[in-house]
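1. got a predicted model here, sequence first, then my questions.
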Amino acid sequence: MDKTSSFSSHEGKPIRCKAAICRKAGEALVIEEIHVYPPQAYEVRIKIICTTLCHTDLAFSKYNSGPVVRFPRILGHEAVGVVESIGEHVDGFKQGDVVLPVFHPHCEECRDCKSSKGNWCTRFTEDIVSNTRRYGMASRFKDSMGEDIHHFFFVSSFSEYTVVDIAHLVKISPEIPVDRAVLLSCGVSTGIGAAWKTADIEEGSTVAVFGLGAVGLAVGEGARLRGAAQIIGIDINPDKFALGKEFGFTDFVNPTLCGDKKISEVIKKIAGGGVDYSFECVGITSVLSEAFISTRTGTGKTVALGINPAAPTELHSFDLFRGKHVCGSLFGGLKPKLDIPVLVDRYLKKELNLDSFITHELKFEDINKAFDLLEKGKSLRCILWMDKK
Ligand code: NAD
Ligand code: ZN
């Protein structure tokens, strides 16, 4: 099929399409007709094929104050799309390319992007408040009254079309099915990356993962592929344990059944003194403290992945002196343009288990049902198809 033919007529003009708008904190999203303006220099307009929702979308649909909170807004940041048109100075993308938008930037030119360490982009990562990467609060979305709608983390995939800066776009092989590729746009890449890059787990290690959503289960998948000897899953929802087995988890702990014992005591007992690596994939600071205490004295490493924008965390300084490490990780320490194609390749070689992350599929219009499923802990990832009727 020629993927470009149906797009060309809109080039340089606004496109009228449907989007799910979050108008007020805590309220259901509303499907509305919007205008998506053409891409400017260094930007690409993409047609979203499918999108999923991550806990971060759920959290930002509810926060009603703070520097990064604003309404009305088009949420969504896990998606796969096809390039519809490109702005000036866009190299490496053309109409019809299959692409993943990624909330984490990769300019490829700054000191940190050129370094082999970490995945910070000095040029762009500091700014998480703007609508568009190079144009501040300028928005490419207007509602039917002509009012601007805010972007979300430079992606806004809960729309049939969106405009994304090239620093946030990765071209991928069209060989990977789109409903598997979509998972690599945020949560699953974050979990696998945290195991491989941020923690750099070795064969035979012991690992504890707090929170078995898509992010936590993907940490387990990354640990399994590195040959971890013991992977302990901790979740208050025991329905997640059967899923955990599919990703190589060896032991499970339900904190609600631990009585007076602290969860860290239970983990230390299971892992013979403490785990080599622990991961917080919930976004609760008290869970992060427990994850930190659960690690081995001398060498233990804790990786914070759960997002909680407002809360300070208490860590005992004596533990830090005794050689325990803690660090946070955005997008699992992956450099999107370099590392996503590697994950795609490993899926195509049948090494990565992506299939078990997809628990539900719905048409885009039913997006509020997908929010409900995630909030109630019933789904990992629910694929929302844009064109499915
Ligand atoms: P999810 O809602 O699918 O999973 C969260 C899991 O945590 C659920 O299974 C829930 O039952 C469990 N949980 C809740 N309270 C718990 C507790 N007290 N102890 C143990 N488990 C508990 O979410 P997700 O999409 O997997 O995202 C997980 C976190 O990662 C969120 O905070 C999200 O914002 C964050 N995130 C971070 C990055 C990053 O780059 N750092 C990227 C994506 C997501
Ligand atoms: Zn950079």
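-> Thanks, I have the structure now. Ligands and ions are numbered 1, 2, ... in the order given.
2. contacts only, for the residue in the stretch 51-200 of the chain positioned nearest to ligand 1.
-> Using CB to the nearest ligand atom, the closest approach of the stretch 51-200 of the chain to ligand 1 is made by His55 at 3.1 Å. (Glycine included, C-beta is placed from N, CA and C.) Taking CB atoms under 8 Å, 6 or more residues apart in numbering as the contact definition, His55 lies against Gly187, Gly213, Val215, Gly283, Ile307, Leu374.
3. ok, so of the residues you listed, who is nearest ligand 1?
-> Of the contacts of His55, the one sitting nearest to ligand 1 (CB to the nearest ligand atom) turns out to be Gly213, at 2.0 Å.
4. I'd say that closest one and Thr190 touch.
-> No. In this structure Gly213 lies outside contact range of Thr190 using CB atoms under 8 Å: 10.8 Å.
5. do a quick rundown of the strands in the stretch 101-250 of the chain.
-> Under the criterion DSSP state E, counting those that start in this stretch, the stretch 101-250 of the chain carries strands at the ranges 141-142, 148-149, 161-165, 169-171, 206-210, 230-234.
6. got CSV for those strands, with mean neighbour count too?
-> Converted to CSV, the strands of the stretch 101-250 of the chain look like this (neighbours: other CB atoms under 10 Å):
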stretch, mean neighbour count
strand 141-142, 20
strand 148-149, 20
strand 161-165, 27
strand 169-171, 21
strand 206-210, 30
strand 230-234, 26
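7. pipe these into JSON lines and attach mean pLDDT per row.
-> Shown next, in JSON lines, are the strands of the stretch 101-250 of the chain (pLDDT from 0 to 100):
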{"stretch": "strand 141-142", "mean pLDDT": "98"}
{"stretch": "strand 148-149", "mean pLDDT": "98"}
{"stretch": "strand 161-165", "mean pLDDT": "98"}
{"stretch": "strand 169-171", "mean pLDDT": "98"}
{"stretch": "strand 206-210", "mean pLDDT": "98"}
{"stretch": "strand 230-234", "mean pLDDT": "98"}
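8. please render the ones you listed as JSON lines that adds distance to Pro39 to the earlier fields.
-> Output for those, formatted as JSON lines (distance: least, CB to CB, whole Å):
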{"stretch": "strand 141-142", "distance to Pro39": "12"}
{"stretch": "strand 148-149", "distance to Pro39": "16"}
{"stretch": "strand 161-165", "distance to Pro39": "5"}
{"stretch": "strand 169-171", "distance to Pro39": "11"}
{"stretch": "strand 206-210", "distance to Pro39": "39"}
{"stretch": "strand 230-234", "distance to Pro39": "42"}
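9. okay if I get these as CSV plus distance to ligand 2?
-> Formatted as CSV, those follow (distance: least, CB to the ion, whole Å):
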stretch, distance to ligand 2
strand 141-142, 26
strand 148-149, 27
strand 161-165, 12
strand 169-171, 14
strand 206-210, 30
strand 230-234, 33
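10. narrow the contacts of His55 to just the buried residues.
-> Among these, the ones that count as buried by 16 or more other CB atoms under 10 Å are Gly187, Gly213, Val215, Gly283, Leu374.
11. what values do phi and psi take at the closest residue to Lys142 other than its chain neighbours?
-> Nearest non-adjacent residue to Lys142, counting by CB to CB, 6 or more residues apart in numbering: His35, 4.7 Å away. Backbone geometry at His35, expressed as degrees, to the nearest 10, gives phi -110, psi 130.
12. switch to numbering from 29
-> Happy to do that; since the first residue is 29 now, the last one works out to His63.
13. OK, contacts around His63?
-> Counting by CB under 8 Å, 6+ apart, His63 makes contact with Pro42, Ile43, Arg44, Phe169, Lys170.
14. quick one: it from Cys286, how far?
-> Note on His63: its distance to Cys286, by CB to CB, to the nearest Å, is 53 Å.
15. next one: Asp155
-> Distance, Asp155 to Cys286, using CB to CB: 42 Å.
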